[in-house]
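Trainee: Provide a 3D model corresponding to the input given below.
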Amino acid sequence: MEKHTYKNPVFFISVTIVAFLVIFGAFLPVKFGNVATKLLKLTTYNFGWFFLLSVFIFVLFLIGISITKYGKVRLGPADSRPEYPFFTWIGMLFSAGFGAGLVFWGVAEPMSHFFATPFANVDGQTEEAARIAMGYAFFHWGVSQWSVFAIVGLVIAFLQFKKGKKGLISNSIKPVIGKNKGIAITIDSLAVIATVMGVATSLGLGILQMNGGLKTVFGVPDSLWIQIAIAGVMLLTYLLSSSTGLNKGIKWLSNLNLGLCLLLLLFVFFTGPTVFILNTFVLGLGDYFTNFIQYSLRLSPYTGDTWVRDWTIFYWAWAIAWSPFVGAFVARVSKGRTIREFVFGVLIVPPVIACLWIAAFGGTALFSDLNNGTQIAEAVNNDLAVALFQTFGSLPLTNIMSILAIFLIFTFLVTSADSATYILGSMTSKGSLNPGIGVKIIWGTLITAIAVVLLVAKGLEALQTASLVSALPFTIILLLMLVSFLKMLKKEKIPTKND
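Mentor: Reported below is the predicted structural model:
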């Protein structure tokens with residue numbers, strides 16, 4: 001471990017707090033789950049409007065900045081060019097930003113909305129419910145979620161590669177808050193804790209899904225010991241990958257992930273109801289664009305309905321809690337791109353891939369339930385973790401595809417955890433672009449430990465809630481980042497055609 005890591009207060013504060021959470025969760029698992037749930041309900045009930053409004057502002061800001069003259073500004077010296085080829089870059093964005101989340105929710109979400117719809121006046125498991133389910137799934141995995149990652153990534157990339165400063169969250173709001181060391185340490189520690197909790201959440205979700213897949217394919221029991229064993233194998237794999245650095249392990253895994261994703265996507269597209277998938281995709285896009293503003297700002301103060309809070313606000317809070325990690329990683333791999341290229345690559349391409357994935361997998365499951373009398377929606381309602389594997393049951397080569405899907409979830413989780421250990425190492429080594437192996441091992445072990453604790457504590461519910469406590473203060477920080485970024489951009493020389 002590098003010497004300056006030992007002297008870094010951010011490292012000690014965040015390690016101490018995360019270690020305390022692991023111990024608290026291990027010895028008082030039920031209380032841990034209950035506290036997390038209460039805090040989440042308190043946050044989303046009182047500040048749901050704030051999350052919705054903020055994410056809507058992020059989308060407008062990014063689109064606005066990319067079409068102005070500032071879109072030409074390069075994230076690096078004026079003569080710099082992108083560090084990674086487009087396919088590799090998108091693979092890295094996709095692996096870090098969605099990871100196993102999309103594989104988990106790609107069928108689970110549309111089938112959940114199909115079973116019980118987002119609107120009280122629409123009955124579940126009907127043709128109308130299917131259409132609404134697909135449109136809402138597109139909305140949740142579309143531009144809005146990625147706008148959160150893009151804001152953090154854009155500001156940090158600008159600071160790191162254009163201004164030559166450390167890529168720390170605290171540096172990104174210095175033009176607004178000034179040089180207050182206490183505030184800076186608090187903000188950077190909060191970013192680290194949010195990242196650890198967010199990644200641990202996704203690891204836990206993926207471990208549950210892998211156990212569900214192994215149960216479906218091989219009859220492996222749904223047991224905590226199996227989940228701990230999966231976590232152990234995962235830890236060893238991503239520590240091994242992490243030791244090879246950004247240009248080997250993560251780069252290779254990201255290409256593998258995107259390739260595997262496309263392979264599964266094409267298989268489901270051609271062996272599933274192809275025309276139905278295409279129709280679903282086009283109609284879903286139409287519904288997404290038509291309802292974008294309504295869904296972005298939808299609340300239910302008159303009815304007291306909790307659906308928006310349980311889904312949209314939960315998703316936005318999750319994305320915000322993840323944003324320090326995904327944003328910092330997106331920044332690290334985007335050197336040399338213009339702001340316009342960056343916004344297009346981060347805001348458009350991954351959401352399009354996500355919508356294609358949801359149309360193919362969710363569309364196949366919907367078609368099967370509507371036309372073949374299967375009960376995938378009911379199975380998903382009973383156990384979210386088996387959603388993907390239930391869908392493969394209606395297609396040829398069921399076991400082969402299920403095994404490939406389990407492998408994809410595993411590589412996604414390893415890539416996410418690998419990227420996270422790199423970013424956490426950087427955050428707790430004063431923004432170093434090459435953090436030491438020692439600090440990465442500490443973070444890798446802690447992430448796995450807290451994922452296992454959350455699994456022991458309360459399964460999926462505690463996993464989903466525990467990481468979101470930091471989302472509220474972080475939303476304020478992201479809004480300050482916007483103001484700060486505009487202040488920095490106004491001083492920037494805009495490239496001309498001659499440059």
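Trainee: hey, let's count contacts and neighbours off CA atoms from now on
Mentor: OK.
Trainee: right, and residue 158 touches residue 75 too?
Mentor: Yes - Residue 158 lies in contact with residue 75 (C-alpha atoms under 8 Å); the separation is 5.2 Å.
Trainee: what residue ranges in the chain score low on pLDDT?
Mentor: Scanning the chain with the threshold set as pLDDT under 70 gives 1-7, 96-100, 244-249, 457-464, 466-467, 495-499.
Trainee: same thing but 50
Mentor: Across the chain, residues meeting the criterion (pLDDT under 50) sit at 1-6.
Trainee: isn't residue 415 right up against residue 95?
Mentor: Yes - Residue 415 is in contact with residue 95 according to C-alpha under 8 Å; the separation is 6.4 Å.
Trainee: now do the shared contacts for these two.
Mentor: Listed as contacting both residue 415 and residue 95 by C-alpha atoms under 8 Å, 6 or more residues apart in numbering are residue 254.
Trainee: for residue 74, give me phi and psi.
Mentor: phi -90, psi 140 (degrees, to the nearest 10).
Trainee: quick one, helices of the stretch 101-250 of the chain?
Mentor: Secondary structure of the stretch 101-250 of the chain (DSSP state H, counting those that start in this stretch): helices located at 127-140, 143-157, 169-172, 174-177, 181-218, 224-242.
Trainee: can you redo these as a markdown table with distance to residue 278 and mean neighbour count?
Mentor: A markdown table is the format used below for those (distance: least, C-alpha to C-alpha, whole Å; neighbours: other C-alpha atoms under 10 Å):
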| stretch | distance to residue 278 | mean neighbour count |
| --- | --- | --- |
| helix 127-140 | 12 | 23 |
| helix 143-157 | 20 | 27 |
| helix 169-172 | 41 | 25 |
| helix 174-177 | 47 | 15 |
| helix 181-218 | 27 | 23 |
| helix 224-242 | 36 | 18 |
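Trainee: on that earlier part again, any residues in contact with both of residue 158 and residue 75?
Mentor: Residues touching both residue 158 and residue 75 by C-alpha under 8 Å, 6+ apart: none at all.
Trainee: could you check how far the residue lying closest to residue 101 once chain neighbours are set aside is from residue 234?
Mentor: Nearest residue to residue 101 in three dimensions, chain neighbours excluded: residue 202, at 6.7 Å (C-alpha to C-alpha, 6 or more residues apart in numbering). Per C-alpha to C-alpha, to the nearest Å, residue 202 is found 13 Å from residue 234.
Trainee: equivalent analysis for residue 413, please.
Mentor: Applying C-alpha to C-alpha, the value for residue 413 to residue 234 is 8 Å.
Trainee: residue 67 versus residue 343, what's the distance?
Mentor: Distance of residue 343 to residue 67, computed by C-alpha to C-alpha: 10 Å.
Trainee: who's more crowded, these two?
Mentor: Neighbours per residue (other C-alpha atoms under 10 Å) separate residue 343 from residue 67, with residue 343 holding more: 24 against 13.
Trainee: tell me how many other residues surround residue 287.
Mentor: 18.
Trainee: wait, a strand at it?
Mentor: No - going by DSSP: H, G, I helix; E, B strand; the rest coil, the assignment for residue 287 is helix, not a strand.
Trainee: so what's the nearest residue to residue 346 once chain neighbours are set aside up against?
Mentor: Nearest residue to residue 346 in three dimensions, chain neighbours excluded: residue 150, at 6.2 Å (C-alpha to C-alpha, 6+ apart). Each residue near residue 150 by C-alpha under 8 Å, 6+ apart is listed here: 62, 327, 330, 343, 346-347.
Trainee: repeat for residue 250
Mentor: Residues near residue 250 by C-alpha under 8 Å, 6+ apart: 92, 241-242, 415, 418-419.
Trainee: what do you get for residue 134?
Mentor: By C-alpha under 8 Å, 6+ apart, the contact set of residue 134 is 110, 280, 284, 358-359, 362-363.
Trainee: repeat for residue 351
Mentor: Taking C-alpha under 8 Å, 6+ apart, we find residue 351 in contact with 141-143, 146.
Trainee: can you put the helices of the stretch 101-250 of the chain in JSON lines and add distance to residue 102?
Mentor: Output for the helices of the stretch 101-250 of the chain, formatted as JSON lines (distance: least, C-alpha to C-alpha, whole Å):
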{"stretch": "helix 127-140", "distance to residue 102": "11"}
{"stretch": "helix 143-157", "distance to residue 102": "12"}
{"stretch": "helix 169-172", "distance to residue 102": "26"}
{"stretch": "helix 174-177", "distance to residue 102": "34"}
{"stretch": "helix 181-218", "distance to residue 102": "10"}
{"stretch": "helix 224-242", "distance to residue 102": "19"}
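Trainee: ok so, going back, any idea which of the contacts of residue 150 is closest to residue 455?
Mentor: Closest approach to residue 455 among the contacts of residue 150 (C-alpha to C-alpha): residue 327, at 26.5 Å.
Trainee: would that closest one count as being in a strand?
Mentor: No - applying three-state DSSP, one finds residue 327 to be helix, outside a strand.
Trainee: to residue 433, which of the helices of the stretch 101-250 of the chain lies closest?
Mentor: Comparison of the helices of the stretch 101-250 of the chain against residue 433 by C-alpha to C-alpha identifies helix 143-157 as nearest, at 11.9 Å.
Trainee: counting neighbours, what do you get for the closest residue to residue 384 other than its chain neighbours?
Mentor: Distance criterion C-alpha to C-alpha, 6+ apart; nearest residue to residue 384, sequence neighbours excluded, is residue 108 at 5.8 Å. The number of residues packed near residue 108 is 29, by other C-alpha under 10 Å.
Trainee: closest to residue 79 out of the contacts of residue 250?
Mentor: Distances from residue 79 to the contacts of residue 250, taken as C-alpha to C-alpha, are shortest for residue 92 (23.6 Å).
Trainee: any idea which element that closest one lies in?
Mentor: Using DSSP states H and E, residue 92 maps to helix 86-97.
Trainee: show me what counts as buried in that helix.
Mentor: Residues 88-97 are the ones in helix 86-97 that count as buried (16 or more other C-alpha atoms under 10 Å).
Trainee: which one of those residues is nearest residue 82?
Mentor: Taking C-alpha to C-alpha as the measure, residue 82 lies nearest residue 89 of those, at 9.2 Å.
Trainee: list the buried residues in stretch 50-57.
Mentor: Buried residues in stretch 50-57 (16+ other C-alpha under 10 Å): 50-52, 54-56.
Trainee: swap in stretch 40-51?
Mentor: For stretch 40-51, the neighbour count (16+ other C-alpha under 10 Å) marks 40-41, 43-44, 48, 50-51 as buried.
Trainee: same thing with stretch 342-357?
Mentor: Buried residues in stretch 342-357, counted by 16+ other C-alpha under 10 Å: 342-347, 349-357.
Trainee: measure it end to end?
Mentor: End-to-end distance of stretch 342-357 (C-alpha to C-alpha): 22 Å.
Trainee: before we move on, what about stretch 121-132?
Mentor: End-to-end distance of stretch 121-132: 12 Å, with C-alpha to C-alpha as the criterion.
Trainee: surely residue 254 meets residue 87?
Mentor: No - counting by C-alpha under 8 Å, residue 87 is not a contact partner of residue 254; they are 9.5 Å apart.
Trainee: which pair in the buried residues of stretch 50-57 spans the largest distance?
Mentor: Using C-alpha to C-alpha, those span at most 10.0 Å, a distance reached by 50 and 56.
Trainee: which parts of the stretch 301-450 of the chain are strands?
Mentor: With strands called from DSSP state E, counting those that start in this stretch, the stretch 301-450 of the chain shows none.
Trainee: ranges for the helices of it?
Mentor: With helices called from DSSP H, counting those that start in this stretch, the stretch 301-450 of the chain shows them at 307-308, 314-332, 339-347, 349-372, 376-382, 387-392, 398-427, 437-466.
Trainee: for those helices, give me JSON lines that also has distance to residue 297.
Mentor: Converted to JSON lines, these look like this (distance: least, C-alpha to C-alpha, whole Å):
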{"stretch": "helix 307-308", "distance to residue 297": "10"}
{"stretch": "helix 314-332", "distance to residue 297": "12"}
{"stretch": "helix 339-347", "distance to residue 297": "19"}
{"stretch": "helix 349-372", "distance to residue 297": "19"}
{"stretch": "helix 376-382", "distance to residue 297": "27"}
{"stretch": "helix 387-392", "distance to residue 297": "29"}
{"stretch": "helix 398-427", "distance to residue 297": "30"}
{"stretch": "helix 437-466", "distance to residue 297": "22"}
